[in-house]
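[1] Coordinates for the following, if possible.
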Amino acid sequence: MSELGPAAAACLVGEHNHFRWFHVEDVKGPALDELAAAFGLHDLAIEDCRNKRQRAKVEEYDSHLFLVLNTLHFEKEKSECWFGEFDIFVAKDLLITVHDGPSRTFRAVHPKFKADAKMAHPGHLLRALLDFIVDLYLPVLDTVEERIEEMEEEVIGKTSPAQLSEIFALRRALINFRRVATGMRDAVNHLLYRTEPWLRAEQLYLRNVYDHIVRALDFVETYREILTGVLDVHLTATANRTNEIMKVLTIYTTIAAPILLITGYFGQNFDQLPLIHQPYGVPVMHGLLVISSLAALWFFKRRGWY
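    Numbering: from 1, shown residues only. You can find the predicted model right below:
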């Protein structure tokens, strides 16, 4: 291990019983390179830290493990779901966390690290970080469930193109959630079979984290099925509404057809047409118009069309 550079030393969060925690928020700066030189971090892992949108994974190197974890963010107003990346280097006496910019995960776990000396342990600290990240999955899914229930009521009441757009946005969000959560499940499952002494003591807690991810995946499948049902209801309601509009327009057109026929017939420029010179010709024609309209309405009513 070489001596720490000034940028790396500034990233030191705390040190206790020869255990050190570093946190890097400037992935483009020199701190990562200095930490890599000091602790022998692999070049590929450093490259992954600087390249965003990595899937969750666990990679083993000679002196450390490298983990990519995915954090979850959801904006209810726009029904948008996106994922961040939280990277961890961990060894028996060292933990380095990397996040591009301020991290809510770091802000949540850091006070626990300062308050509890037991947290100065690679297994305890890694488990606490994993626990916080995964614990945010279910509350987000609860928010998605609430929005789906609201959409069910809205679709039954009145449909709109905006609802259809939101349904597809939620479906995309759930698909992305399933893809990312599956990667997290595989990463945690990999940790369950590690044999490092500092990690074996955390197996029960890691199994609990694994169960939370599996439960979240079950909810995702359930919500996708419900959302498919909401989409079917939306399409059916839209089709029914279109049919009602077409039925009304058809009734109006059918009622107007004999009126147009009679007025068109008697509007021809011929003196030989019946009633054209009779004193009661105009009232008779108006009577025919009214009778034809009432007859059409009576026919529609008898057939139960309205």
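[2] Would you map the helices across the stretch 101-250 of the chain?
    Per DSSP state H, counting those that start in this stretch, the stretch 101-250 of the chain carries helices over the ranges 104-115, 122-135, 137-157, 161-192, 197-200, 203-266.
[3] ok, and for the third one, which residues are buried?
    By that I understand helix 137-157. The neighbour-count check on helix 137-157 (16 or more other Cβ atoms under 10 Å) flags Tyr137, Val140, Leu141, Val144, Arg147, Ile148, Met151, Glu152, Glu154, Val155 as buried. Just so you know, the C-beta spots here come from the backbone N, C-alpha and C atoms, and that holds for glycine as well.
[4] now the fourth one
    Buried residues in helix 161-192, counting neighbours by 16+ other Cβ under 10 Å, are found at 163, 166-167, 170-171, 173-174, 177, 180-181, 183-185, 187-188, 190-191.
[5] again with the shortest one
    The neighbour-count check on helix 197-200 (16+ other Cβ under 10 Å) flags Trp198, Leu199 as buried.
[6] Sketch out the low-pLDDT regions of the stretch 1-150 of the chain for me.
    Along the stretch 1-150 of the chain, segments meeting pLDDT under 70 span 1-2, 76-79.
[7] 50 - rerun?
    Low-confidence segments of the stretch 1-150 of the chain (pLDDT under 50): 1.
[8] so what's Ala8 closest to, chain neighbours aside?
    Glu34 (3.7 Å; Cβ to Cβ, 6 or more residues apart in numbering).
[9] wait, isn't that neighbour in contact with Ala7?
    Yes: between Glu34 and Ala7 there is a contact under Cβ atoms under 8 Å: 5.4 Å.
[10] more neighbours, the two?
    More crowded of Glu34 and Ala7, by other Cβ atoms under 10 Å: Glu34, with 22 against 16.
[11] Please, which helix or strand holds the more buried one?
    Per DSSP states H and E: Glu34 is located in helix 31-39.
[12] ok, now Lys52?
    For Lys52, there is no helix or strand it lies in under DSSP H and E.
[13] how near is it to His73?
    Distance, Lys52 to His73, using Cβ to Cβ, to the nearest Å: 14 Å.
[14] what's the distance between Ala38 and Leu32?
    Distance, Ala38 to Leu32, by Cβ to Cβ: 11 Å.
[15] same deal with Glu75?
    For Glu75 relative to Leu32 (Cβ to Cβ), the value is 30 Å.
[16] Over to Ala169?
    The gap separating Ala169 from Leu32 is 35 Å, by Cβ to Cβ.
[17] got it, and Val109?
    Per Cβ to Cβ, Val109 is found 20 Å from Leu32.
[18] Pick out whichever of the two has more residues nearby.
    A direct count of neighbours by other Cβ under 10 Å for Val109 and Leu32 places Leu32 higher, at 26 against 22.
[19] need the contact list for the more buried one.
    Contacts for Leu32 (Cβ atoms under 8 Å, 6 or more residues apart in numbering) come out as Val24, Leu41, Ile46, Cys49, Arg50, Val98.
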